[in-house]
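Trainee: Prediction below, plus the sequence it came from.
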Amino acid sequence: MDLLIAFLIFLAGVIACLVSGQTLIYALLLGLCCFLAVGRKRGFTWTALGNMVWTGGKTSFPVVRVLVFIGCLTSLWRADGTIGFFVYHGIRLITPHLFILIAFFLTAILSFGIGTSFGVTGTAGVVLMILARSGGVNEVITAGAIMSGAYFGERCSPASSSALLAVSLSGADSGKNMKMMLKTSIIPLLLTIGIYGILSWQNPILSVDSQILEEMTSEFTLSWLTLLPAVMLLVMALSGIKVFYAVAASGACAFLLAVLLQGTDVWNAVWWTIFGYQPKSDKLAAIFSGGGMLSMKTVIALVVLSSTYSGIFRGTGMLEGIQKKAARLGEKLGRFAAQIVIAVCAGCVFCNQTIGIIMAEQMLGQLYEDAQEKAADVCNSIILIAALVPWSVASTGPLAMLGVGAEALPCSVLLYLVPLSYLLTKGVWFPKSRRLSNG
């Protein structure tokens, strides 16, 4: 009963934060206090509980280290023209009957580079929605294509905080997980391309406003050299180099380009690395401003606080009863099907990918013998399904930036095609899983 009361208070805190527009950090702190109180009531000393909090929290430190560099990277890729290059040339490729398809491709490529759905929708997504509205394209379908592209990288980019957390908790190798994510993307990606190709043909853009392009060419030197940070990140990650070093090297390259190619003085580049990029053009400020080390403070706090929960739950054993029920669900439905159930419940209740990833590890982690399989199951379920819950932060944040509502979610086809495709083909990627509780 004490655990149920703690969860209900935690849930009330989550709802209060969502309704009031406050960060979920407050709800997580409230939940932490509640679960500590449950642990104390069950006979654990404050010292023991403190050790559990530390043990759980320190598992997030490798992820936090990368997140700090990712924050720097998202600013430097703005400052050095990398994001500008993708947006500029992506828009130039637009032909009347290919707009929606190009919107998907552009955001997918960009999200694979910077690994954040919010960063993609706030930059390229905003530009594409401006073009869609001015050119007479269905904005709901356009937003769905942007959401699909933005979350393509959220589950597989070497710079994705969600994927990094899933890999870290699973004990998997990030490079192998990225390659598996790309492999399991093939079928849903082809289906998505076909669907958006048809929708593009049915919804041609009538005109393209070139004013944004002119502003970008005056703000940035859009040389092919600006692709170097993206190429460096991709090649190093695929070569098996640790994500931390790949992100750091890409950031260093972007810093040099911002100074040497874009003409930024060193002090401004350092300032932007910490506090976020700010373009000179007022028209581009709403699109390209942002990033920086401090932009990751909320994400880092969520990851660290969520990780402390795992230490408490594991140390006190307070979730053993729920874990047994989850294990029976996994044995009955199969591990990935159970992950989908957990993903839906976590997305609807906690409205947050980070908490969902933590809960998946706590509920079903003991069923896996292969760490890579566990990471793949989480990345192909929770990270995407959370964005399909209309009231989830993973959904409301990007949609608010795009200026549309939940009506765009049915058009975000990649978000549900990936879990469905993986559910039907998992035995191909992990043949042994068929012999271990039906996969």
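Mentor: Cool, got the structure.

Trainee: Sketch out the low-pLDDT regions of this structure for me.
Mentor: Where the chain drops to pLDDT under 70, the residues are 209, 433-439.

Trainee: Surely residue 373 touches residue 430?
Mentor: Yes: shown here, residue 373 and residue 430 form a contact pair, counting by CB atoms under 8 Å, at 4.8 Å. Using the backbone N, CA and C atoms, a C-beta is placed for each residue, glycine as well.

Trainee: pull the CA atoms of stretch 64-75 into PDB?
Mentor: Taking Å, rounded to 0.1, in the frame of the first residue of the first chain, the C-alpha atoms of stretch 64-75 are listed here in PDB:
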ATOM      1  CA  VAL A  64      25.900  13.100 -18.700                       C
ATOM      2  CA  ARG A  65      29.400  13.500 -20.000                       C
ATOM      3  CA  VAL A  66      28.300  13.000 -23.500                       C
ATOM      4  CA  LEU A  67      25.200  15.200 -23.100                       C
ATOM      5  CA  VAL A  68      27.400  18.100 -22.100                       C
ATOM      6  CA  PHE A  69      29.300  17.800 -25.400                       C
ATOM      7  CA  ILE A  70      26.100  17.300 -27.300                       C
ATOM      8  CA  GLY A  71      24.800  20.600 -26.000                       C
ATOM      9  CA  CYS A  72      28.000  22.200 -27.300                       C
ATOM     10  CA  LEU A  73      27.700  20.400 -30.600                       C
ATOM     11  CA  THR A  74      24.100  21.600 -31.200                       C
ATOM     12  CA  SER A  75      25.200  25.200 -30.800                       C
END
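
Trainee: higher neighbour count, residue 373 and residue 430?
Mentor: Per other CB atoms under 10 Å, whichever of residue 373 and residue 430 has more neighbours is residue 373, with 23 against 18.

Trainee: Spell out the secondary structure type for that one.
Mentor: Secondary structure assignment for residue 373 (DSSP: H, G, I helix; E, B strand; the rest coil): helix.

Trainee: From here on, call the first residue 327.
Mentor: Noted, 327 is the first residue going forward, which turns the last one into residue 699.

Trainee: do you know how far it is from residue 619?
Mentor: 34 Å (CB to CB, to the nearest Å).

Trainee: I'd assumed residue 534 was in a helix, is it?
Mentor: No: judged by three-state DSSP, residue 534 forms no part of a helix; its state is coil.

Trainee: Quick check: it vs residue 480, distance?
Mentor: Following CB to CB, the distance that separates residue 534 from residue 480 is 28 Å.

Trainee: Leaving out the residues flanking it, which one is nearest to residue 356?
Mentor: Distances taken as CB to CB, 6 or more residues apart in numbering place residue 339 nearest to residue 356, at 4.1 Å, with adjacent residues excluded.

Trainee: Please identify the helix or strand for that neighbour.
Mentor: helix 328-346 (DSSP states H and E).

Trainee: Kindly export that helix (C-alpha atoms) in PDB.
Mentor: In PDB, the C-alpha atoms belonging to helix 328-346 read as follows (Å, rounded to 0.1, in the frame of the first residue of the first chain):
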ATOM      1  CA  ASP A 328       2.900   2.400   0.800                       C
ATOM      2  CA  LEU A 329       4.400   1.900  -2.600                       C
ATOM      3  CA  LEU A 330       1.000   2.500  -4.300                       C
ATOM      4  CA  ILE A 331       0.600   5.800  -2.400                       C
ATOM      5  CA  ALA A 332       4.100   6.900  -3.400                       C
ATOM      6  CA  PHE A 333       3.300   6.200  -7.000                       C
ATOM      7  CA  LEU A 334       0.000   8.000  -6.900                       C
ATOM      8  CA  ILE A 335       1.700  11.100  -5.300                       C
ATOM      9  CA  PHE A 336       4.400  10.900  -8.000                       C
ATOM     10  CA  LEU A 337       1.800  10.700 -10.700                       C
ATOM     11  CA  ALA A 338      -0.100  13.600  -9.200                       C
ATOM     12  CA  GLY A 339       3.200  15.600  -9.400                       C
ATOM     13  CA  VAL A 340       3.700  14.600 -13.100                       C
ATOM     14  CA  ILE A 341       0.100  15.800 -13.900                       C
ATOM     15  CA  ALA A 342       0.600  19.000 -12.000                       C
ATOM     16  CA  CYS A 343       3.800  19.800 -13.900                       C
ATOM     17  CA  LEU A 344       2.200  19.100 -17.200                       C
ATOM     18  CA  VAL A 345      -0.900  21.200 -16.500                       C
ATOM     19  CA  SER A 346       1.100  24.100 -15.100                       C
END
